[in-house]
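# Quick one: sequence plus predicted model below, questions after.
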Amino acid sequence: EYVPAVKLIESVASRLEKVFKRNINIDSGGKNPYVYVNPPAFEQLLRIFLDNAYKYSSDDIDVNIDETDKSIIIAVTDYGIGIPKEDLNEIFTRFYRVDKARTRKTGGSGLGLSIAKQLAENNDIEISAESIFTEGSTFTLTMKKETDNDEAE
Ligand code: ATP
C-alpha cells in the first residue's frame, strides 16, 4: 500500500503519547514522503521501537523522517540507558536482554526486537540499531518509496 509516512507515524505516536505521558517529537523537515508499505506491519514495528524507547529512557522521544531518491529512513531516538557495544549485535536475537539485573524491573521478555526483525524481513524493510551506552539509542527503519518490480503490484 502506498501511504503518507508522517500521517501514519503521527497516528501511532499520538496514541502512545497518552499512554506514556511523554512527548514524542516527530520531525520530517517539512516533507511529506509516501512509502510503499503494509501499514499494520509498519505500525507494529514503530510500536516496538517506541515501547522500548519508553522503557529504557525517561525523556522525550524523537522520531526523524528522512528521504533519499529511493528510500524513506525513519529513526526513533531515545536519550536513555543506551546499549553497550558488545550487546548491540545480539539485541535482535530471541529472548536476549542486556544485563538482566539492570533491566529486570522493566519486565520485558526479550522478544520485541526479534519480532521486529522478522517483520522487517518479511516486508522488505531494513532494520538497524545504533547506541551509545548511558547516552541513548537510535533504531532505524529503511523502506522503499516504490516497489522495484511490477510483480508486486
Ligand atoms: P519485550 O519483548 O517486552 O520488548 P525487551 O524489551 O526485553 O522485552 P526487546 O525489545 O527484544 O525485548 O529488546 C531486547 C533487549 O535490548 C532489551 O532487553 C534491552 O536490554 C535492549 N534494548 C532494546 N531497546 C532498547 C533501548 N531503546 N534502549 C536501551 N536498551 C534497549
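Received, thanks. Numbers count the residues shown, from 1 in each chain.
# quick one, what contacts the closest residue to the ligand within the chain?
Nearest residue of the chain to the ligand, counting by Cβ to the nearest ligand atom: Gly108, 2.2 Å away. Quick note: C-beta positions are derived from backbone N, CA and C, even for glycine. Gly108 makes contact with 55, 97, according to Cβ atoms under 8 Å, 6 or more residues apart in numbering.
# Helix, strand or coil: sort out it for me.
Using DSSP: H, G, I helix; E, B strand; the rest coil, the secondary structure recorded for Gly108 is coil.
# Per-residue pLDDT of the closest residue to Ser57 other than its chain neighbours, please?
Counting by Cβ to Cβ, 6 or more residues apart in numbering, Ser57 lies nearest to Gly80, which is 2.5 Å off, once chain neighbours are set aside. Per-residue pLDDT puts Gly80 at 97.
# which residues does Gly80 contact?
Taking Cβ under 8 Å, 6+ apart as the test, what Gly80 contacts is 53, 56-59, 136-137.
# which SSE is the most centrally placed residue in the chain in?
The C-alpha lying nearest the average C-alpha coordinate of the chain belongs to Phe49 (Cα atoms, centre = their mean; 3.8 Å). Element membership of Phe49, judged by DSSP states H and E, is helix 39-55.
# Does the ligand have contacts with that helix?
Yes. Counting by Cβ under 6 Å from any ligand atom, the ligand is contacted by helix 39-55 at 52-53, 55.
# Is it correct that Lys31 is in contact with Asn64?
No. The criterion here is Cβ atoms under 8 Å, and Lys31 misses it with Asn64 at 11.1 Å.
# Compare these two and say which one has the larger neighbour count.
The neighbour comparison of Lys31 against Asn64 (other Cβ atoms under 10 Å) goes to Asn64, with 16 against 12.
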